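Asks: Here is the input, now give the coordinates:
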Amino acid sequence: QVQLAESGGGLVQAGGSLRLSCSTSKGILSIYNMGWFRQAPGKDREFVAAISRGAGRSTSYADSVKGRFTISRDNVKNTVFLQMNSLKPEDTAVFYCAADKRLGTPSQRGATYDYWGQGTQVTVSS
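Replies: Okay, here's the model as predicted:
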């Protein structure tokens, strides 16, 4: 069983920054592609960013966060990060970390992910 635990959410003013962390079990990051998704109140869950297994050489981002968010991984610490800069009120959502055991490039489709964390709330005030 893969366990994922998000942290780092909170309340921040527009223009500010937060760094989310997703802690995983040892060895998971060498096997699974990892993704971040978010769900705002009354909206569907949407893709944010993803990174490939192992060295994490392949990344992808939603158009809405390109240039503002950066996904990275530390395989020694078994942690995936989402650095979020220039935050906007429309970024307010619960952010989820997810793991995908398929081979290939990281997916932007939530349905392909096998394991999910409990989520962390990000609130951006105007």
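
Asks: and the spatially most central residue of the chain, what does it touch?
Replies: Among the residues of the chain, the one closest to the centroid is Trp36, at 2.3 Å (C-alpha atoms, centre = their mean). Listed by C-beta atoms under 8 Å, 6 or more residues apart in numbering, the contact set of Trp36 reads 20, 22, 48-50, 71, 80, 82, 95-98. Every residue, glycine included, has its C-beta placed from N, CA and C.

Asks: do Glu6 as well
Replies: Contacts of Glu6 by C-beta under 8 Å, 6+ apart are 20-22, 95-97, 117-120.

Asks: Helix or strand: which one has it?
Replies: strand 4-7 (DSSP states H and E).

Asks: Please work out how many residues are found near Thr70.
Replies: 16 (other C-beta atoms under 10 Å).

Asks: Grab the CA positions of the strand holding Glu6 and hand them over as CSV.
Replies: The C-alpha atoms that make up strand 4-7 are tabulated as CSV, following Å, rounded to 0.1, in the frame of the first residue of the first chain:
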residue,chain,number,x,y,z
LEU,A,4,1.1,9.8,0.5
ALA,A,5,0.9,12.7,2.9
GLU,A,6,0.7,16.3,1.8
SER,A,7,1.7,19.3,3.9
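
Asks: What is the next helix or strand after it packed up against?
Replies: For strand 4-7, the following helix or strand on the C-terminal side (DSSP H and E) is strand 10-13. If you count contacts as 3 or more C-beta pairs under 8 Å, 6 or more residues apart in numbering; DSSP states H and E, strand 10-13 packs onto strand 120-125.
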